[in-house]
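Chemist: Give me a model of this one.
(one chain, ligands or ions: 1)
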Amino acid sequence: MAEINFDGRVAVVTGAGGGLGRSHALLLASRGAKVVVNDLGGNRAGEGGGSEMADQVVEEIQANGGEAVANYASVSDLEGAKSIIDDAVEAFGKVDIVINNAGILRDKSFAKLTPEELDLVLKVHLYGTFYVTMAAWPHLREQNYGRVVNTTSGSGLYGNFGQANYSAAKLGITGLTRTLAHEGQKYGINANVIAPVAASRMTDDIMPPKLLEALEPENVSPLVAFLSSEDCTETGRIFSVGGGYVARVAIVEGAGTTFDGAFSPDDVADKWDDIMRVELGEGSAEFTSGVMEQTGKIVQALGISFD
Ligand code: NAI
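Modeler: Below is the predicted model of the structure:
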């Protein structure tokens, strides 16, 4: 089989100045994509900014013989998001691949969360993903081809203490992706979403060093590149990925139960076991009840021991 390549393709990667985004951009560029490296350049909380982070990644790509341009706009700004796509069209004539990856954290328990911390996180993650994709969409539709890879989180899919703002934004991105998959279908546009686990400045003070060592961002990017390729026909899918472990995550519905005519809360109580039953098919699908369990599955799959 021919190696997956991106010759003639143009990719936009948001938040590509470091961490996962940098790794995605380098991999795509190493396989022939022309890349717009977007990064605002602030800290983990989204404070500050500058051009160095994006510039450095562009230099790395160019030093490896690839083609890239930098963009320093914030995805959470409508005009800024548009400028990322405009830069792709101006520098490379089009856009084929949109990787929405930029993100920040403002963790607080729900009881202490301020409206400002809610707005900021929704703006960067959810609105940022909307704005960049909205700017790209007419181009993708017109050329009848596109690949969108969005970034959710185990926190969004399963919940996590202290991340109400972040988990709501991230599950919003998952909902958006699944609708993009429906609406993009007749235009050759596929949209998928990943829930990564990786060592980055976002996790370097949360996970133990031994785990961080096993979770290089480079172990997430091959999935992102596959989903960005012409070879991949999947759309509307969710994936858990980290350290070389990749699994499809599915939203499933039980067989349910029915009530004849009017029914009471007591009837609901009587049939509670039937309502709650979700039979997982053959194979090894399991319920995951929190982001720690998502990471736990990866630790188990990779055989990491902390003794
Ligand atoms: P990171 O902090 O290294 O990367 C995020 C990048 O986005 C930074 O380079 C930052 O400068 C940039 N950025 C922030 N706000 C921006 C804005 N408004 N406009 C443009 N760029 C902006 O963190 P990491 O881990 O690489 O995160 C990448 C994505 O993966 C994020 O969406 C994050 O929420 C998600 N994620 C990461 C996990 C992990 O284990 N590292 C777990 C689950 C999700």
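Chemist: Now do the contacts for the closest residue to Ser153 other than its chain neighbours.
Modeler: Spatially, and ignoring its direct neighbours in sequence, Ser153 is nearest to Lys170 (4.3 Å; C-beta to C-beta, 6 or more residues apart in numbering). Every C-beta, even on glycine, is put in place using the N, C-alpha and C of the backbone. If you count contacts by C-beta atoms under 8 Å, 6 or more residues apart in numbering, Lys170 has them with 125, 151-153, 155-157.
Chemist: Which ones among those also lie next to the ligand?
Modeler: Restricting the contacts of Lys170 to those near the ligand by C-beta under 6 Å from any ligand atom leaves 151, 153.
Chemist: re earlier: which phi and psi values does the residue nearest to Ser153 adopt?
Modeler: With angles defined as degrees, to the nearest 10, Lys170 sits at phi -70, psi -40.
Chemist: picking up where we left off before, can you add neighbour count and give the contacts of Lys170 back as JSON lines?
Modeler: As requested, the contacts of Lys170 are exported to JSON lines (neighbours: other C-beta atoms under 10 Å):
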{"residue": "His125", "neighbour count": "29"}
{"residue": "Thr151", "neighbour count": "27"}
{"residue": "Thr152", "neighbour count": "27"}
{"residue": "Ser153", "neighbour count": "26"}
{"residue": "Ser155", "neighbour count": "24"}
{"residue": "Gly156", "neighbour count": "25"}
{"residue": "Leu157", "neighbour count": "22"}
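Chemist: Among the contacts of Lys170, which ones are in helices?
Modeler: Using DSSP state H, 155-157 are the members of the contacts of Lys170 that sit in helices.
Chemist: and of those, the nearest to the ligand?
Modeler: The shortest gap between the ligand and any of the ones in helices among the contacts of Lys170 belongs to Ser155, at 6.7 Å (C-beta to the nearest ligand atom).
Chemist: and the gap between Ser109 and Gly159?
Modeler: Relative to Gly159, Ser109 is positioned 13 Å away (C-beta to C-beta, to the nearest Å).
Chemist: for Glu90, that is, sorry about that
Modeler: From Glu90 to Gly159 the distance is 41 Å (C-beta to C-beta).
Chemist: got it, and Ala16?
Modeler: The gap separating Ala16 from Gly159 is 28 Å, by C-beta to C-beta.
Chemist: When the two are compared, which one has more neighbours?
Modeler: Using other C-beta atoms under 10 Å as the criterion, Ala16 and Gly159 rank with Ala16 on top: 32 against 14.
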